[in-house]
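Engineer: Provided below are the primary sequence and the corresponding predicted coordinates.
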Amino acid sequence: MDGVLVVDKDPGWTSHDVVAKIRNLLKIKKVGHAGTLDPFATGVLPLTLGRATRLTNYFLASDKVYRGAMRFGFATTTYDTDGEPTGEDTRPVLDSSRLEIIFSRYQGAIRQLPPPYSAKKVNGRPLYSYARKGIEVTPPPKQVTVKSLVLYGIHDSEAEFELTCTAGTYARSLAHDIGKEYGCGAHLVRLRRMRSGEFPIEKAVSLYQENGQFHSSDFLLARVVPKRDLLPEIPSVVLSEGDRNRLLHGMDLNLLTADAGAEEYRLIDESGELIALARCVQKFTSPVAQAAHWIRVHPHITFG
């Protein structure tokens, strides 16, 4: 089976735990995940299966949407509920107007430090390996983009929010930094990924049945998004049988398309099956076909 299974990850699981369980349930070796979720977090975790693992980087790079809550009053060593408090709980009464002003400062392109307990590598080692030994390491900040950060409500010392961001953004670091700016510290107490690129929470499936048992392999396989339906934002071009054979021999192709503005194309056969992804290397106007253009493409991912 080649495609994507969108899992609704339960708390307590690492992303690698989910990958290992799916390998076991589906009896398939090639399984990857498109974006790590911390163990306490829940929600959308796209898993690439079979030859669709070649597309994992596309999904890793996609924007993410989260709903969550940050607790004000003290920070923690991990920036979330799994860590130890770094100070006394001040139990602040939160001011929504002040919080919205601070939230606005964290929108757009920002520079962010990853949490000390994270898988971000410095000198070939993940940060958590230094933190567990009490070694302080300051990695270089990374630029990320927060497309929106909306305050949804305040309950006691907790602030609920929705975050839309580019890949690589740490919601834990946002909570930590906002708490520091508010003046009392904060940490993340809930996080649920509502969307990862083209995959919304409505398409995600839990690993568990209502009785607490794992779903059967047939149930899960029936919910795999086939590779022909992936990356719909990339325009497609239908290949003739001759072009399909030339592509599978690694040749560049000259193709006719009505959409010559793209830099990349999905190449599909006459049945609609995804055969390859190809980059456009040349564009030229057709002298005979109106509203159509010739493009020369070079395949960089093929599925055979």
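Structural biologist: Sure thing, it's come through.
Engineer: Please make it C-alpha for all contacts and neighbour counts, starting now.
Structural biologist: Fine.
Engineer: tell me which residues in the helix or strand that contains Leu247 are buried?
Structural biologist: Following DSSP states H and E, the helix or strand that holds Leu247 is helix 241-248. Using 16 or more other CA atoms under 10 Å as the test for burial, helix 241-248 gives Asp243, Arg244, Leu247.
Engineer: tell me what the next helix or strand after that helix is packed against?
Structural biologist: The C-terminal neighbour of helix 241-248 among helices and strands, as given by DSSP H and E, is strand 253-257. If contacts are counted by 3 or more CA pairs under 8 Å, 6 or more residues apart in numbering; DSSP states H and E, strand 253-257 sits against strand 236-238, helix 241-248, strand 293-302.
Engineer: what packs against the first one?
Structural biologist: In terms of contacts (3+ CA pairs under 8 Å, 6+ apart), strand 236-238 is packed against strand 253-257, strand 264-268.
Engineer: Out of those, which is closest to Gly108?
Structural biologist: The minimum distance between Gly108 and the helices and strands packed on strand 236-238 falls on strand 264-268, with 27.0 Å, by CA to CA.
Engineer: what are the ranges of the helices in the stretch 101-250 of the chain?
Structural biologist: 127-131, 171-182, 217-221, 241-248 (DSSP state H, counting those that start in this stretch).
Engineer: Which one of the ones you listed has the poorest average confidence?
Structural biologist: Lowest mean pLDDT within those: helix 127-131, a mean of 69.
Engineer: and among the helices and strands packed on strand 236-238, the most buried is which?
Structural biologist: strand 264-268 (a mean of 22; mean count of other CA atoms under 10 Å).
Engineer: What's opposite the closest residue to Leu55 other than its chain neighbours in the beta bridge?
Structural biologist: Distances taken as CA to CA, 6 or more residues apart in numbering put Thr48 closest to Leu55, at 7.6 Å, once the chain neighbours are dropped. In this structure, Thr48 has the following beta-bridge partners (DSSP bridges): Val4, Gly32.
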